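Engineer: give me a model of this one.
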Amino acid sequence: MDLLWYVVMIAQWDHRRVEKLMVVAWALWSNRNECRNGGAQKSSQSLVHDALEYLGAYQACIHVTDLKKPAGAAVWTPPSPDCYKINVDGAVFKEQKMAGVGIIIRDDAGQLIGAYSKKIEAPLGAIEVEAKAVEMGLQFAKDMSIQDFTLESDSLSLVNALRDSSPPPLSVAALVYSSMSVAHSFRSVNFAHIGRKGNRPAHLLARHALGITDFSVWVEEIPCFLEQALNQDVLANSID
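Structural biologist: Now for the predicted structure:
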């Protein structure tokens, strides 16, 4: 308790460091009890690793609950003038043990600048493919020579991690930190959350990946299967 008082009141640690301290202390206490009852004593490295992995799994569960909250915009909105909006999404094809990524770039008039659909031949989970979509979205922005944009995803836990407002899920921590580093190479990047209904064009591109060999790119050209969804986005904004 003295240590907890010191780190919170005197050293004024942020909540993430305090969480780590508490879970490591719990792991030490738990392993001490195991040893008293004939269990094996863990090494310090093993204790810390297992404790932080447990914390990461717990935080991932909390973020999954957060996804159910209507935190993101229900409809797509255009970016401010002289900026672009990049929407990304991922799709998991469990039976085929594959995944798909969809990326779409639009300007402040809602016009399509570029679209990208990519098949990933690996059995990724939902959060993993969403993280890959962000990574590929940033790369697509570089390829299109775009410097000022908002990148939207319908994964709230991922967006919070990219904003550095919460720790990333453990399984995608490396990808998240890499994407945050890449984002600094642009002039201006914002990460935003959008509801799934507002992210439909990117989702259609992700689903489209199942039927292609590797990847497809469209530049200032609207794929036929996207036309209706794009028109609905523009119409929704004109009504508002």
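
Engineer: care to break this protein down by domain?
Structural biologist: 2-66, 84-239 (automatic domain parsing).

Engineer: just give me the lowest mean pLDDT stretch among the ones you listed.
Structural biologist: Confidence, taken as mean pLDDT, is least for domain 2-66 of those (a mean of 81).

Engineer: any idea how far that domain is from the chain center?
Structural biologist: Relative to its parent chain, domain 2-66 has a centroid offset of 25 Å by CA atoms, centre = their mean, to the nearest Å.

Engineer: ok, stretch 138-156 next?
Structural biologist: The answer for stretch 138-156 is 13 Å, by CA atoms, centre = their mean.

Engineer: and it, what's buried?
Structural biologist: 138, 140-141, 144, 146, 149-156 (16 or more other CB atoms under 10 Å). Yep, even glycine has a C-beta here, placed from its N, CA and C like the rest.

Engineer: how about the spatially most central residue of the chain, what does it touch?
Structural biologist: Among the residues of the chain, the one closest to the centroid is L158, at 2.8 Å (CA atoms, centre = their mean). Counting by CB atoms under 8 Å, 6 or more residues apart in numbering, L158 touches 127, 130-131, 134, 168-169, 172, 176.

Engineer: ok, 6 Å please
Structural biologist: Applying CB atoms under 6 Å, 6 or more residues apart in numbering to L158 gives the contacts E130.

Engineer: against K42, how distant is it?
Structural biologist: Separation of L158 from K42 (CB to CB, to the nearest Å): 32 Å.

Engineer: again, but for Y54
Structural biologist: Y54 sits at a distance of 13 Å from K42 (criterion: CB to CB).

Engineer: which of the two has more neighbours?
Structural biologist: K42 (18 against 14; other CB atoms under 10 Å).

Engineer: so that one belongs to a helix, correct?
Structural biologist: No - per DSSP: H, G, I helix; E, B strand; the rest coil, K42 lies outside any helix segment and is coil.

Engineer: all helices of this protein, in order?
Structural biologist: In the chain, the segments counted as helices under DSSP state H are 2-5, 15-36, 44-66, 126-143, 156-162, 173-183, 200-208, 227-239.
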